[in-house]
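**Q** Sequence and predicted structure are below.
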Amino acid sequence: MISDSFFEHQLYQENHFANEYVRRGFDLTVITSTFTNLSDYYNDRYDANSKACDSKISGYRLIRLPYAFNFFNKLRKLKRITSYLEQAAPDLIFIHDIQFNIHEAVDYIKRQNRKVRLVLDFHADFSNSAKNIFSKIFIHRICKGLYFRKYEKWFDAILPIVPDGMNFLNKLYGTPVKRMELFPLGVDTFTSATYRNETSRKAMRDRLSIQYHALVIFTGGKLEPRKKTEELIETVIGLKDRNVHLIIVGDFVSCPKEYSDSVRSLISSSGNITLVGWVPSSEVYEYMSACDIAIFPSSQSVLWQQSIGMGLPLVVGKYVTLDDGRQFDQKVEYLNFKNNLVVLNAQNDRRSEIKTAITTFLDPKVLKAYRENTLWVANEYLSYTKLADRTLAV
């Protein structure tokens, strides 16, 4: 696997695939950058003096390489990877997002083994990328676009993770829609099953002093204005129902102090909202085990799929407000395989719809049906076991 970032013991897609490949007994090599701190990566704090590192982690080889170039923290290329490809002699090269090392992978295939399969998954869409003319034209259409088009034909599978990713690749890179297949972020069903039990549920509720029969809502991730977490908090407070509790796992990232202060103030005014902060990945599952549903008012997150894996029906916002004020349709329905999703259709104030959703799930029969459907979706459609099968079958 080749990825711009890789953080051990996290819950990101590349971690799950690494675990799946190792579980099957494959000899896996991960080639990535020298970023080891998640916060440094997201805040573009790259250490230009970082050194290469080659280590064995959890059954796979992890190679960290400095950048050969790093322009504007947007155009990056790892130092030469050819020798590592030759050492690994792979049957499959899985590239996460468009990297400027693709040509080395293609050259290796041409020179060494034309039976090697080349797979790309793609994480960009118009909600998180190409937000201005410079990015849209120079970064994507010209620099990355011209580069990718030169090697696109060598890929056996091109797999955008969200519907708009297909639109993004088609509009800015010229990739034909028929060349792509939707490949959603998945669910670690093995880990979910470990924590999804009555013992974990009771232990966490006792720890947080939450009544066992209360309706407990999960939300979290990077708490920033575009997530609209405050609308969920205000709705829970407005219900004035002590049998409804909200658990927030995450913290404020790259947002105005005024925003974080106001949200913290809202939380402190309520006795049934718990702000946990950042926790290790295993603890996220523990907190989810105490919950019944998950609500994310706006902006997609890897926690959506993780919630599904824990059997939590999702209530999610259809729209996210972009930096320029436009309302972006996330087409969230792609995750609604079997009545496991409630979509908030409002473009701005979602509080009324959130209240309706919470009230609906107060009915035990409704909650039970949704939870059963959600677990079915996790196992049949979003299991990383089945998604890994897809990458191996190209």
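**A** Arrived safely, thanks for sending.

**Q** Every contact and neighbour count from this point should use C-alpha atoms.
**A** Noted.

**Q** For residue 278, see how far away the residue positioned nearest the centre of the chain is.
**A** Centroid-nearest residue in the chain: residue 302, 2.8 Å away (criterion: CA atoms, centre = their mean). Between residue 302 and residue 278 the computed distance is 15 Å (CA to CA, to the nearest Å).

**Q** circling back: could you pull up the residues touching the residue nearest to the centre of the chain?
**A** Contacts here follow CA atoms under 8 Å, 6 or more residues apart in numbering; on that basis residue 302 touches 12, 185.

**Q** Against residue 199, how distant is it?
**A** For residue 302 relative to residue 199 (CA to CA), the value is 25 Å.

**Q** mind listing the helices in the stretch 51-200 of the chain by residue range?
**A** Taking DSSP state H, counting those that start in this stretch as the criterion, the stretch 51-200 of the chain carries its helices at 82-88, 102-111, 133, 145-151, 163-168, 189-195, 198-207.

**Q** hmm, who's touching the shortest one?
**A** It stands for helix 133. Around helix 133, nothing counts as a contact under CA under 8 Å, 6+ apart.

**Q** That one - what's its average pLDDT?
**A** Average pLDDT, helix 133: 92.

**Q** mind checking pLDDT for residue 270?
**A** Looking at residue 270, its pLDDT is 90.

**Q** Now it. Nearest residue, chain neighbours left out?
**A** Excluding its sequence neighbours, the residue lying closest to residue 270 (CA to CA, 6 or more residues apart in numbering) is residue 237, at 6.4 Å.

**Q** Just the pLDDT for the one you found.
**A** In this model, residue 237 is scored at 96, pLDDT.

**Q** Doesn't it belong to a strand?
**A** No. Read with DSSP: H, G, I helix; E, B strand; the rest coil, residue 237 is helix and lies in no strand.

**Q** Isn't it up against residue 245?
**A** No. In this structure residue 237 lies outside contact range of residue 245 using CA atoms under 8 Å: 9.4 Å.

**Q** end to end, how far does stretch 63-76 reach?
**A** With CA to CA, one end of stretch 63-76 sits 17 Å from the other.

**Q** And the pLDDT for residue 241?
**A** 89.

**Q** ok, it to residue 24 distance?
**A** 48 Å.

**Q** So those two - more neighbours on which side?
**A** Between residue 241 and residue 24, residue 241 has the larger neighbour count (other CA atoms under 10 Å), namely 12 against 9.

**Q** which SS class is that one?
**A** Judged by three-state DSSP, the three-state class of residue 241 is coil.

**Q** same deal with residue 218?
**A** Going by three-state DSSP: residue 218 is strand.

**Q** Off-centre distance for stretch 149-167?
**A** 18 Å (CA atoms, centre = their mean, to the nearest Å).

**Q** repeat for stretch 314-334
**A** How far stretch 314-334 lies from its chain's middle: 15 Å, per CA atoms, centre = their mean.

**Q** buried residues in the lowest-mean-pLDDT helix or strand in the chain?
**A** Every helix and strand of the chain was ranked by mean pLDDT, DSSP states H and E. The lowest is helix 38-42, at a mean of 85. Within helix 38-42, the residues that count as buried by 16 or more other CA atoms under 10 Å are residue 41.

**Q** do the same with stretch 162-180
**A** Applying 16+ other CA under 10 Å to stretch 162-180 flags 162-170, 172-173, 175, 180 as buried.

**Q** got these as JSON lines, with distance to residue 209 and pLDDT columns?
**A** Formatted as JSON lines, those follow (distance: CA to CA, whole Å; pLDDT from 0 to 100):
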{"residue": "162", "distance to residue 209": "38", "pLDDT": "93"}
{"residue": "163", "distance to residue 209": "41", "pLDDT": "93"}
{"residue": "164", "distance to residue 209": "41", "pLDDT": "93"}
{"residue": "165", "distance to residue 209": "42", "pLDDT": "95"}
{"residue": "166", "distance to residue 209": "45", "pLDDT": "96"}
{"residue": "167", "distance to residue 209": "46", "pLDDT": "95"}
{"residue": "168", "distance to residue 209": "46", "pLDDT": "96"}
{"residue": "169", "distance to residue 209": "48", "pLDDT": "97"}
{"residue": "170", "distance to residue 209": "51", "pLDDT": "97"}
{"residue": "172", "distance to residue 209": "51", "pLDDT": "97"}
{"residue": "173", "distance to residue 209": "52", "pLDDT": "97"}
{"residue": "175", "distance to residue 209": "53", "pLDDT": "97"}
{"residue": "180", "distance to residue 209": "48", "pLDDT": "97"}
